[in-house]
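> With the input below, show me the fold.
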Amino acid sequence: MSNMEHSQDNVAGVRGFFNEEVRKHPSFLLDDRDPTNFLIPSEEYARDLLGVCDDSLDILEIGCGDGVDSIRLAATSNRVCAIDLAENRIAQAQGNISRNGLSERITARHMDAHDLDFPDGHFDLVIGNSVLLFLDRKRFARECYRVLKPGGRAIFPNESMADHPLLRLRRSLPGVNQREEVADRMTLSGVEAIAADFDSARHREFYLFSVLLAPVVSRHGRKRAVAGAVRLAYRLDESILHRFKGLRKYCWISVIELKKTTGNR
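Sure, this is the predicted structure:
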């Protein structure tokens, strides 16, 4: 579904999918270091990018789902606006926010990320977990840049890439491909295109050959032999991607940081 144009039908399809979808995307904010979590290297890198961010910041979370990440982003002093296209998810988020006594610092709103109802230069940080594959990225990039303050950042810690041959095969299987009807997965050129819309950017790709071990890790990651094999596979990926940068296009995950420096665009 490459080069997808996000018409009203496409937006409606994404809304409908996530109003029904109950599974949660893995979140780097959970700091899940259990050996059965295959995504530990990319999540650790994303946490390093985020750094310490409990500093009375204004934060926008795109695709907030049940609001659990927004609650973590609020920390002790931040103000968070959590948006989602799916009404059911916003209802879940509002319930969780209320139960945690954070309604004064977190607002959950139903909103289309292509048309952000916020003034220019409003947020210090925009963050979205596995959201770019459901958006018209050029249109969203303009909105994201607009609502960031000069010096602000956008972090997308878990963006799924399109071109890994094994994952392309898996996504074609019955029962898996429903998501593909609404998803436009990232390519390396797509990552670089959205990066070009900001004043500075960096991105890093993860999981090339190590993807082969992902199903084993989810079931047997606590076994010493499996854990050792996975660490070796991670190191092998890192070495290969350092030498052959063109192979990054075949990775599974991209972690992306975008910066707005002066706002003179």
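> Let me know the distance separating the residue sitting furthest away from the middle of the chain from Ser218.
Residue distances from the centre of the chain (Cα atoms, centre = their mean) peak at Ala225, which lies 30.6 Å from the mean C-alpha position. Separation of Ala225 from Ser218 (Cβ to Cβ, to the nearest Å): 16 Å. From N, CA and C alone the C-beta is placed, and that goes for glycine too.
> now the longest helix seen in the chain: mean pLDDT?
Across the chain, the longest stretch assigned as helix under DSSP state H is helix 224-243. The average pLDDT for helix 224-243 rounds to 96.
> how far out from the middle of the chain is that helix?
Between the mean C-alpha point of helix 224-243 and the mean C-alpha point of its chain there is a distance of 23 Å (Cα atoms, centre = their mean, to the nearest Å).
> Show the low-confidence segments of the stretch 51-200 of the chain, by residue range.
Residues of the stretch 51-200 of the chain that meet the criterion pLDDT under 70 lie in 176-178.
> and the longest strand along the chain, which strands flank it?
Criterion DSSP state E: the longest strand present in the chain is strand 148-160. Using DSSP bridges, strand 148-160 pairs in its sheet with strand 123-128 (parallel), strand 253-259 (antiparallel).
> Strands of the stretch 51-200 of the chain, start to end?
For the stretch 51-200 of the chain, the strands identified by DSSP state E, counting those that start in this stretch occupy 58-62, 79-84, 106-110, 123-128, 148-160, 200-206, in order along the chain.
> so what's the closest residue in space to Arg185 that isn't next to it in sequence up against?
Nearest non-adjacent residue to Arg185, counting by Cβ to Cβ, 6 or more residues apart in numbering: Ala162, 3.8 Å away. Under the criterion of Cβ atoms under 8 Å, 6 or more residues apart in numbering, the contact list for Ala162 reads Ser2, Arg168, Arg185, Met186, Thr187.
> From Leu102, how far out is Ala162?
When Cβ to Cβ is the yardstick, Ala162 and Leu102 sit 36 Å from each other.
> Now do the helices in this protein.
8-20, 40-50, 68-74, 87-99, 137-147, 165-171, 188-195, 214-220, 224-243.
> Buried by neighbour count: which residues of the fourth one qualify?
Across helix 87-99, burial judged by 16 or more other Cβ atoms under 10 Å covers Asn88, Arg89, Ile90, Ala91, Gln92, Ala93, Gln94, Asn96, Ile97.
> list the contacts for the last one?
Under the criterion of Cβ under 8 Å, 6+ apart, the contact list for Ile97 reads Gly67, Ser70, Ile71, Ala82, Ser103, Ile106, Ala108.
> What is the neighbour count of the last one?
Read it as Ala108. 26 (other Cβ atoms under 10 Å).
> what's the distance between the nearest residue to it once chain neighbours are set aside and Ala12?
Taking Cβ to Cβ, 6+ apart, and ignoring the residues beside it in sequence, Ala108 has Ala93 as its nearest neighbour in space, at 4.1 Å. Between Ala93 and Ala12 the distance, using Cβ to Cβ, works out to 21 Å.
> next one: Arg224
Relative to Ala12, Arg224 is positioned 49 Å away (criterion: Cβ to Cβ).
> got it, and Ala196?
Between Ala196 and Ala12 the computed distance is 30 Å (Cβ to Cβ).
> Kindly report the same for Lys24.
As for Lys24, its distance to Ala12 is 22 Å (criterion: Cβ to Cβ).
> dump the residue contacts of Gly228.
Counting by Cβ under 8 Å, 6+ apart, Gly228 touches no other residue.
> Let the chain start at 32 from now.
Sure thing, new numbering starts at 32, so read that last one as Gly259.
> now it: how far from Asn50?
Spatial separation of Gly259 from Asn50 under the definition Cβ to Cβ is 42 Å.
> just Glu212 next, same as before
Applying Cβ to Cβ, one obtains 15 Å for the distance of Glu212 from Asn50.
> Specify which residue of these two has the higher count of neighbours.
Under the criterion of other Cβ under 10 Å, the comparison of Glu212 against Asn50 puts Asn50 first, with 15 against 11.
> So which residue is dead centre in this structure?
Centrality entry for the chain: nearest residue to the mean C-alpha point is Asn160, 2.5 Å, by Cα atoms, centre = their mean.
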